[in-house]
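Colleague: I would like to see how this sequence folds:
(2 chains)
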Number of protein chains: 2
Amino acid sequence: MTFVDGLQCGRFDERVLRDLRAGGVDCVTVTCAFWEDAGEALDALGRWRELEREFAGLIAIARSVDDVRRAADDGRTAIVLGFQNSSPFEGRISYVELFAELGVRVAQLTYNNQNEAGGSCYEPRDSGLARFGRELVREMNAVGMLIDLSHVGDRTSLDAIEASDMPVAISHANPSSLVPHRRNKSDAVLEALAERDGVLGCALYPNITGRYGRSAASWAELIARAVDLMGIDHVGIGTDLPHHLTQADLDWMRMGRWTRQADFGAGSAANPGVNAAPIWLESPRHFPRIGTALRAQGFDQLEIDKVTGGNWLRLYESVWQPVGPLVTTTSGEKPCTS
Amino acid sequence: MTFVDGLQCGRFDERVLRDLRAGGVDCVTVTCAFWEDAGEALDALGRWRELEREFAGLIAIARSVDDVRRAADDGRTAIVLGFQNSSPFEGRISYVELFAELGVRVAQLTYNNQNEAGGSCYEPRDSGLARFGRELVREMNAVGMLIDLSHVGDRTSLDAIEASDMPVAISHANPSSLVPHRRNKSDAVLEALAERDGVLGCALYPNITGRYGRSAASWAELIARAVDLMGIDHVGIGTDLPHHLTQADLDWMRMGRWTRQADFGAGSAANPGVNAAPIWLESPRHFPRIGTALRAQGFDQLEIDKVTGGNWLRLYESVWQPVGPLVTTTSGEKPCTS
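Modeller: From the prediction side, this is the model:
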């Protein structure tokens, strides 16, 4: 195994898929929803099935860590289908199992805005895990879908880490103690995540990476600091690399259908547009530079293997259980309101 | 004019429509959505169009206060189409205008659970008005749709009252200082509502009416207390009368699709089922008893006219503007995040 990337987004075409192979990226979680509803998420899953058929020699959609390993053995990149929002569930608890059965293995509770599940990092006030959020956490545990908290508010994140019987992920963010930004995570959240055996995917999105994104060496330094905070078993990679991202894509990610006003997401009025990828990781072909930089930073091979992929695979292994019958509670047993 | 009821729900059939006429109910807001999405809400609107055609001599769907008055002059009951949730908007700001054009004149920001707009009265923590909630309030103001806060949390209610350029409604609830219950409203919320010229519809739903629901006289006393708190111009009727309500209907209202566990809404494990309507208002035919009781309580005719309908009509008149072109903001003008 070489690289497991906890999150990428954008448009995957043959060139991107070949670049992933060339960079030794054996597993990548892709974004099938930002604000999409169930029908639109199904469309995205359908497109991935088509890509898988068209480029069967390059990729394979993975539902298990065995699938990831088999793909790597065959020289293919394992694609993990993921949602950056719980919007495809449309507030219906029963949809979680259905999307899991269709191969979705990771979902964020919220994207940039509050929803039925909880609060986001950009809300004026974070509700914490809401009534539906508690149901959702339990259901995702039951069907073996990894809970992702990357854009989720700190209070909701802490609640979810505590409520979940399984370890959870922050697939793409950085410690806010290193790069102060609402999208980054407090030490309290990161420590709680690690304590419950979760994994942080350190991000390369320029708006939330600051000076640490300027070179492979400085990003390796960010990773080293994250390891100092969370331990070597709890830090991975979640580049957030966007492929062929247009301003229209970015507008969708930020404004969706919820506002007609400009919303700059992790950017700002002074920096409203698509960020150029870091020059040293312009393409997935450049992933080996990460390994080199980690070595130069002083990590040994065992540590590098954990950070570049082993930690994600351990987390996936522990969370991605096969979908089984769900426990239903006898009516009247546990009221949620009085 | 005799009676304007700020909220009823359940199944309206010929008998109910005739009872409304017999009781002198000239205007009633009906519930077209609890958890319904856009398509399901359209179905409900379609059913009301059919009812209107079938019983054209009994009812007319009202889009304006002129429509309400015309219906009364013709001896018909004006039907105001309302949502008890913003779920039909599906987080899309553009749907508000579309549903307004289809005749929806009132919508709650949330029903029993937190959503993209804000927090509910049953959530462990109320977020206050969220990012989408601010957009929604502005949009509802712009298209002339009345904002209803009956099931909304207190913090979100206060935020919405402040954020709205138009007066807002609590269509069916009681003062929690009289009947302590999470579904009822704090004096702070009720005072803020009145200060911005809003109206509270006092409810008759047994779970939130307590001892005040036992007789017309005691309910008139509750109304008198609400008037003491809010002033004679800010109290109306919002019975929440349910027609032909079954346990399955109640389960939908409480559990929707968000949980498989029992949720008792305003009830409890000890009181899980459909409440019998108060014996003195078993049918809309009995509405005149309200007028009689208010008179016995000491209200004069001018005051009775306000409470039984005049206050709602004043509020409707001020809020239900014709749908016009919406202001769009120049991209980049007002970022919501930094």
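
Colleague: So what touches stretch A:276-286?
Modeller: Contacts with stretch A:276-286, where a contact means Cβ atoms under 8 Å, 6 or more residues apart in numbering or on different chains, come from A:16, A:19-20, A:22-23, A:25, A:204, A:206, A:209, A:213-216, A:219, A:239, A:241-242, A:287, A:289-290. C-beta: built from backbone N, CA, C; applies to glycine.

Colleague: so residue A:140 is in which element?
Modeller: Using DSSP states H and E, residue A:140 falls within helix A:131-143.

Colleague: returning to what we had before: the contacts of stretch A:276-286 also near chain B: which ones?
Modeller: Among the contacts of stretch A:276-286, proximity to chain B is found for none (Cβ under 8 Å from any Cβ of the partner chain).

Colleague: Using neighbour counts, trim the residues you listed to the buried set.
Modeller: Burial by neighbour count, 16 or more other Cβ atoms under 10 Å in any protein chain shown: within the contacts of stretch A:276-286 this picks out A:16, A:19-20, A:23, A:25, A:204, A:206, A:209, A:213, A:215-216, A:219, A:239, A:241-242, A:287, A:289-290.

Colleague: Where do the helices of chain A begin and end?
Modeller: Applying DSSP state H to chain A gives helices spanning A:14-22, A:38-54, A:65-73, A:94-101, A:131-143, A:154-163, A:187-195, A:206-209, A:216-230, A:247-255, A:288-296, A:301-305, A:311-319.

Colleague: want to throw the ones you listed into JSON lines with mean pLDDT?
Modeller: Formatted as JSON lines, the helices of chain A follow (pLDDT from 0 to 100):
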{"stretch": "helix A:14-22", "mean pLDDT": "98"}
{"stretch": "helix A:38-54", "mean pLDDT": "98"}
{"stretch": "helix A:65-73", "mean pLDDT": "97"}
{"stretch": "helix A:94-101", "mean pLDDT": "97"}
{"stretch": "helix A:131-143", "mean pLDDT": "97"}
{"stretch": "helix A:154-163", "mean pLDDT": "98"}
{"stretch": "helix A:187-195", "mean pLDDT": "98"}
{"stretch": "helix A:206-209", "mean pLDDT": "95"}
{"stretch": "helix A:216-230", "mean pLDDT": "98"}
{"stretch": "helix A:247-255", "mean pLDDT": "94"}
{"stretch": "helix A:288-296", "mean pLDDT": "98"}
{"stretch": "helix A:301-305", "mean pLDDT": "98"}
{"stretch": "helix A:311-319", "mean pLDDT": "98"}
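
Colleague: Throw those into JSON lines and include distance to residue A:261, thanks.
Modeller: JSON lines is the format used below for the helices of chain A (distance: least, Cβ to Cβ, whole Å):
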{"stretch": "helix A:14-22", "distance to residue A:261": "32"}
{"stretch": "helix A:38-54", "distance to residue A:261": "23"}
{"stretch": "helix A:65-73", "distance to residue A:261": "41"}
{"stretch": "helix A:94-101", "distance to residue A:261": "30"}
{"stretch": "helix A:131-143", "distance to residue A:261": "27"}
{"stretch": "helix A:154-163", "distance to residue A:261": "24"}
{"stretch": "helix A:187-195", "distance to residue A:261": "29"}
{"stretch": "helix A:206-209", "distance to residue A:261": "19"}
{"stretch": "helix A:216-230", "distance to residue A:261": "33"}
{"stretch": "helix A:247-255", "distance to residue A:261": "8"}
{"stretch": "helix A:288-296", "distance to residue A:261": "38"}
{"stretch": "helix A:301-305", "distance to residue A:261": "45"}
{"stretch": "helix A:311-319", "distance to residue A:261": "37"}
